[in-house]
Structure formats: structure tokens, C-alpha cells
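Visitor: Coordinates only, no sequence provided:
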């Protein structure tokens, strides 16, 4: 289903002839919005990979869950929107906390291999999805915000909700980066990611670091879900799942396991996906192929620079 | 003519330069040891020679042919085989299978030979025979059909060595074969190496961090430090080399 | 509970088991033998299924040629996927393989003129005015049904005919796979599963071995796709969601990654799960609507995957020793 906002802005374009810069501004803005959300989601995935070597297949469904929980509190229970977002972030953290205690910790103790982690993460996704569907249903939902109000910026249509999302997402990104750089847990995470056994003997509480990673990724997942729900205007239970590979693309682009890289990778991917619709690229990629642009970006990065933008690798012959 | 010739090779990984302009050559049938402290670039050098990593600059010639552009398996096929630090055996294959895997020219390795089972089974018998012969020589026959994962550290080293031999190589690179091995077993390994040399005319190039261990078996010792060769000569001459004493042996000699 | 005593239910279960058994046999060769984690296996199924539909409906090919070309295309897909990304480490390849399957599905979804788009193969442009492609295999299926009707009456259904065609193939493939796993080719691959530096240092072209395993697995994925296409008589993009790959993985893990014989039993278990969540009418399942049941199926598969990986990673028929050897 085409997101509500796209259909409106596309129509607006059609009548807005003359200024080619308008297109560019519009796509740049859309790209920044999409990219900032990718960045937030990608950081969570990248952190988990760096600390646990876990590719979190359930990340997409955590987004959906976050959006639906926020919806439940803000629309159904008519609570304050910001408060609802905070509740949904706490809920995301709680689920991650629970899963770490009952599931991941055991797997780690049993020295589970890559495949086991892959499949358990998938299993979590497969369980989460029906639960969301059972509780919240399959209908499309919409947050209780004015999605029609738009600003005009050199002919480009800037919807109010997207502008707000962009501002808050940017603040979140800066906070995450600051937290990773300054907070003790952030430093411990990097130490543990670089050398788990060394970190363990040098007095870092491994369980605490891992738990912190899960909590952060749970909170970020919910946050990204709300943002994505706002930007789309309306969403259903398939929202996160369809975005999952784009997040992976962002993570790989920014060097898998590098949190700062994931931030940049997310932004770049968002811009890339939106700007690919400009006419100068093969006459513009149709918007329903946007996900394919992300997959193609993923495959291209894997092919030509699998170490990502910020990594290096020892070259194999 | 030298069997292996390394000409001025260098490599860097993201700012670190483990090997900087190393040149040396090895005569056929000789036994050469490369020694040096940890981080001297010994294993990196092996990785370059065996094709695990690619060199940035320089040339590597094996039996007069350039091999530095080849894949690791192609270099091994030409008879230059290496072992890895800590005896990498395949734990979930049996001991005999570990050896049988290494036999060269196995028609069963080609998928198309799936349709000619007879030629495959014939070769399997031959490979098994070879494997049992090698196992007998190192005293591992009774473990032939056990998973290799149950072997002790020393037995793994023996298996590792025998496996390298199964490929019928003309030269073997040994990466710290004596690391973490007790003195009695070191003696045994040295014995096995000496008998291998006598029997198959194989050229050995060996990495070791301790000079004493390889004193007697080596005909020549190359000393590396910080990615460069700082000395090259007879084992005894190494003791008298000023640079070596400074860079490597120094701490021990002076302390004693 | 009635459904459980109806032959029709079990015939469906076994037919599905046969098709998905062949599908997961492909994964077994890729992962169980070669250690290649392919999470885009469903792409091969989609390629073959759609190739058959398009070639038969639009270009009026014979079904048999179309099936042959379809499977060859799946092999080609596997080869392309492998050539481009198999040199990467396991995590990366897994992600790349998902992307491969998703690109395939998006292409099918958005190429209305060729694939019928969201409406499925019925909407493929065709000169005859009818979007079926199973005429030729149906001749055989109906022949089988006609032979059995005197004995079995209504139970001699199309599902039964498919079952009788698929299972001999499944057993044949299992036998081939078992033989294949005894070759020295598979021995090298088992070594690469554990440590690919060693076989490489012994002169084995590890990449070639892995690529071969990937292509063979893709061929089985493609064959399963052909069976699938015949069984359901029409295809739509949502038949080839990511989840289908995990149906295959569940069967594989249940059987134990290296157990050839366990695969048939695990496939039947999956077929039962699939059929039970689709047809069975008893409390509490009877409270759920059709879409809710498909979600129940997904949920159960999630549960089985997690429980297996936590409690019994070697699968029901595997040896624990193989998993824990240090």
C-alpha cells in the first residue's frame, strides 16, 4: 500500500512545474527523514552485532511493536503522545530484558554458534509477529496527529510531522553518539566488542554490558518504530518486517558492528534511496522499487566493499 | 637454484605494517628456522608466502615460478604446504579422514566423478592405505576411526604434521610447531621431523620464538624483528650477532 | 478432531511433507554438508515456479521443458548468488542471500506485465485466455487418480496423485544425497564447515566446493518449486515470503543438520503442522479465523526453532557429540 503522504506529495509535484531544485529539496528532505530513522534502527542492530555477534532478525518486529504500543496508549487510552512513546520504549526494553534473561544468556553459556543465534533471532521474530497481530489486529493504524499540515519550502512540501520527526530523530542520534562516547557502558561495550575475553578479565561485568546493549537496542527499536509510523502516516503489522533488510543494508554500509558507522550508513542509505528517484538516475527509480534500491545497495556494498565505509580487511587473494 | 625465493615483500593492514621489505631464499632440502619475538611478523610472513594474504609489494618465487598472485590452494597444489599455529585439525572428521582429505589428485573431489563410483572407491582405498601407513609411523593407528577432536595436544601436532606430508609436498612451512608442547614431546617431534627429512627430501621452513629449541635441527637461522630480517646465518653465528642480542636475545643474556 | 481421521487431511500433510522435504534437502546439502547458511532458499523455489508458469502460459512451452529450464534457472540463480557473495563470511552471506530472495520477490511483485504482479500467475498475459500451466502434468495426475478411484473412491484426489509422484522423487533424492555425503567431495566440505584454512592449505579450492554445494542445493530448491507449482496450480508473490525459507530450516534443524534419514520424518512433522493449522477444526484452533491460523503456524514455527536451538541443537536425530566436540 502506498503511504498516504507519498500520494499527496506526488500529486503536488506534478502540478509544480518549473523549478528542478524543488525535486532535489523534496527528495533530500525525504531522504534525511528516512535516513535518520534508518540510523536509529541500525545503531541498535549494529551494537548487538558488535557485542554479541548476533544479526538481529527480530529488529523489524520490535519497530512494529513500538509503533503499536505507542498507538495503544496515545490513541486508544488517549494518553499524552510523548508519554506514550516513553512507555513504548520502556516496553521494548522490558521485552529485551526478559529475552536476555531467559533466552540469550543461556545460548551464550552454551556457546551457541552463528546459525543458532540466527535461527533463535528469527524464532523470536516469528513469535513476536503473530502476538502483535493477535493483540492489535491487522488493520492499518494512524497516530492521532495532524498529518495533512505541510510547509512550503522553495516549492517542496515539508509535512509538519516529518519535520518534527527529523528534529527529534536528529536529537536522538546526537544523544546516542554522545552516550556511546561518554558513558561508562558505552566504553565497556566497545572494549567488550574488541576483545571479549580481555574485557572479562579486566573487570568488565559482561552480563551488564550485554544487558545494556539489549536495553538500548530495545528502546531504539521502539523509538524508530514510532518515527517510522509517523512518517508513513499509517502503518500496519508488517511495517518493521518490510524495513528489516534496509536496516541491514545501513548496518553493512556503515561497517557491521560499528555503531557510529551505522548512524552514517543509515543516513546515507536514506538519502540514496530517496535521491535514486530523481530523474537523473535512469529516469528515476519508481517508488515501489525503493526497497530494491536498498537491497541492491546492500549487495553492491557486500560485493565491492564488504568491510563497509569505515572498516578495513586483510585482503585475501 | 633456490626452491623458495622471497624478494623484498611488504604488506600493511590498515596502518599496521607487519612485514617490511623482507628478502631471503631457501635452498632445496635445507632446514631453515625463522625466529623472532612475538609481533616480529613471522606468521604474517607465512601468511604471505602461503597465499592466505596478498603482498603489497615484492615477489615470491617457488621453484622459479611467481606464486604471489595465486590462491592459497593453488600454492599448496604446487607443493608448498603449510601448517598453522596450534595444530588446526578437523575435529569432526576422524583421524584417518583428516589424512585422507589431504591426498592430492583425489577423483572423488570432483563432483562429476559422483557418477563413476568405482574409480572413487578405488582411490579411497588407496588414500586409506596411505593414511594408515602415516598413522603407524607416528603411533596413532589405534585412533584412526575416532573423531580427531578427542586427541591430546601432542597427538594433534603429530596428526597435523602427518597431514601436511600426505599432500606429497616439496616444501613445508611449519608455524610454531613446538609452541605449548612439553619437552619430551618436543624431542619426539624433532625426531619425526628429522626422519621425515631423511626419507622424503622435503625442504623445511619453520617459525619458532625460541632459538634453543631449533639450534640442533636447523642448518640456518633467520632472525626477524619488527617486520624486518635483522640477521641470517648459521645457528651459532646468531649468538654473536650484535643486533640480535639487542633486539631479541639481549634481555635473556644480560639477565643471566 | 474429525480432521485427524480423515484420509484427505493426511494425504495433504504428506504431499506437503514431500514437497518441503525436497526443499529442505537442498538446505541440508548447503548447510549440513557445506556449512553455507542460505536464508534466501525460497528465491530458488520462486524462480522455478514462475519460470514454469511464464514459459507455459505466455510462451506456450511444453511443461516439461519449462520445468527443466526453470530448475536450470534456479541453479543459475544459486551460481550467481554464490559467485557474487559466497566469498564473504557466513553472516554476510546469510544477509546477502535474504536480499537475493527479496529482490526476486519484489521483481515478481512489480513486473505485472511478465509475472502477473500481485494477482499472481492467473494474470500473466496469455494468448489462450486461460492462465493455467498444469495441463501436461495433470494428464499424469488424472491417470493415477483414475487407476485408484475404483479402490479408494473420493480419496483418490489430486493431492494423493501428487503425493504418489513426489515421494518416490523425495526418496530418490534422499538416496542421492546420502551417497553424495559419503564422497570425498563431501568430506572436504565437512572440513570447510569447521575451518576453511586447513583444506585450503592442503590444496583444496574451498570456494569451488562451496559453490557446487550451493548450486546443487538450489537445484533441489528449484525442483521443490516445480512440485509446489503443480500442487497449487497458481502462484502469487506472497507464496514466496521469507518465512518459507524458515519452513525449510525448521525441517532441517528438526532432522539434525547432517541426518539424511531424519529429514523425511521432520518433513512429515512440518506437513502436519502446516496442515493442522490450516484445516483442523477443534478448540482452541476453531476460535481462530483463517488469517489468524496462518499466524498461529508462524508462531509455532518460531517456538519450535527456539526450543530446538536451546534444548537440542543437534536436532531430533542428530548426535550431540558432533555439536559439542571441542
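Guide: On my side now, so go ahead. Just so you know, these numbers come straight off a predicted model, no measurement behind them.
Visitor: who's in contact with the closest residue to chain C within the stretch 201-317 of chain A?
Guide: Residue of the stretch 201-317 of chain A nearest chain C, by C-beta to the nearest C-beta: residue A:295 (4.3 Å). The way it works is simple: take the backbone N, C-alpha and C, and place the C-beta from them, glycine included. The contact partners of residue A:295, by C-beta atoms under 8 Å, 6 or more residues apart in numbering or on different chains, come to A:245, A:249, C:99, C:102, C:103, C:106.
Visitor: who does the strand or helix carrying the fourth one touch, helix- and strand-wise?
Guide: In this assignment (DSSP states H and E), residue C:102 forms part of helix C:90-110. In terms of contacts (3 or more C-beta pairs under 8 Å, 6 or more residues apart in numbering or on different chains; DSSP states H and E), helix C:90-110 is packed against helix A:114-136, helix A:239-253, helix A:290-304, helix C:42-57, helix C:63-85, helix C:112-115, helix C:242-255.
Visitor: Give me the longest helix you can find in chain C.
Guide: Looking across chain C with DSSP state H, the single longest helix is helix C:206-232.
Visitor: Tell me if that one is near chain B.
Guide: Yes - using C-beta under 8 Å from any C-beta of the partner chain, helix C:206-232 reaches chain B at C:206, C:209, C:212, C:216.
Visitor: List the buried residues for that helix?
Guide: Buried residues in helix C:206-232, counted by 16 or more other C-beta atoms under 10 Å in any protein chain shown: C:206-207, C:209-232.
Visitor: Would you map the helices across chain B?
Guide: B:42-49, B:72-77, B:95-100, B:117-138, B:153-166, B:183-200, B:211-214, B:235-240, B:242-244, B:250-255.
Visitor: okay if I get the ones you listed as a markdown table plus distance to chain A and mean pLDDT?
Guide: Below are the helices of chain B laid out as a markdown table (distance: least, C-beta to the nearest C-beta, whole Å; pLDDT from 0 to 100):
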| stretch | distance to chain A | mean pLDDT |
| --- | --- | --- |
| helix B:42-49 | 8 | 90 |
| helix B:72-77 | 7 | 91 |
| helix B:95-100 | 21 | 92 |
| helix B:117-138 | 28 | 88 |
| helix B:153-166 | 20 | 88 |
| helix B:183-200 | 27 | 84 |
| helix B:211-214 | 28 | 79 |
| helix B:235-240 | 31 | 79 |
| helix B:242-244 | 29 | 74 |
| helix B:250-255 | 25 | 47 |
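Visitor: In chain B, what residue lies closest to chain A?
Guide: residue B:14 (3.7 Å).
Visitor: Which phi and psi values does that residue adopt?
Guide: Taking degrees, to the nearest 10, you get phi 50, psi 50 for the backbone angles of residue B:14.
Visitor: next one: residue B:36
Guide: Dihedral angles of residue B:36 (phi, psi; degrees, to the nearest 10) stand at phi 160, psi 160.
Visitor: Chain C contacts on the stretch 201-317 of chain A?
Guide: So far as C-beta under 8 Å from any C-beta goes, the stretch 201-317 of chain A lies against chain C at A:245, A:248-249, A:252, A:256, A:286, A:288-289, A:291-292, A:295-296, A:298-299, A:302-303, A:306, A:316.
Visitor: Would you write a ChimeraX line that selects the buried entries of the residues you listed?
Guide: This is the ChimeraX syntax for the buried subset of these, where burial follows 16+ other C-beta under 10 Å:
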select /A:245,248,249,252,256,289,291,292,295,296,298,299,302,306
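Visitor: follow-up on the earlier one: pLDDT averaged over the helix holding residue C:102, what's the number?
Guide: Mean per-residue pLDDT for helix C:90-110: 89.
Visitor: Name the residues of that helix that are buried.
Guide: Applying 16+ other C-beta under 10 Å to helix C:90-110 flags C:91-110 as buried.
Visitor: Ok, stretch A:72-86 next?
Guide: Going by 16+ other C-beta under 10 Å, stretch A:72-86 has these buried residues: A:72, A:73, A:74, A:75, A:81, A:84, A:85, A:86.
Visitor: Ok, stretch C:49-62 next?
Guide: C:49, C:50, C:51, C:52, C:53, C:54, C:55, C:56, C:57, C:58, C:61.
Visitor: pretty sure residue C:240 contacts residue C:103?
Guide: No - the pair residue C:240 / residue C:103 is not scored as a contact, 11.8 Å apart, by C-beta atoms under 8 Å.
Visitor: still on that earlier bit, distance to residue C:307 and mean neighbour count for the helices of chain B - can I get that in JSON lines?
Guide: Converted to JSON lines, the helices of chain B look like this (distance: least, C-beta to C-beta, whole Å; neighbours: other C-beta atoms under 10 Å in any protein chain shown):
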{"stretch": "helix B:42-49", "distance to residue C:307": "42", "mean neighbour count": "24"}
{"stretch": "helix B:72-77", "distance to residue C:307": "40", "mean neighbour count": "22"}
{"stretch": "helix B:95-100", "distance to residue C:307": "33", "mean neighbour count": "25"}
{"stretch": "helix B:117-138", "distance to residue C:307": "39", "mean neighbour count": "16"}
{"stretch": "helix B:153-166", "distance to residue C:307": "35", "mean neighbour count": "21"}
{"stretch": "helix B:183-200", "distance to residue C:307": "45", "mean neighbour count": "14"}
{"stretch": "helix B:211-214", "distance to residue C:307": "51", "mean neighbour count": "19"}
{"stretch": "helix B:235-240", "distance to residue C:307": "61", "mean neighbour count": "14"}
{"stretch": "helix B:242-244", "distance to residue C:307": "61", "mean neighbour count": "15"}
{"stretch": "helix B:250-255", "distance to residue C:307": "57", "mean neighbour count": "10"}
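Visitor: With that, I have no additional questions.
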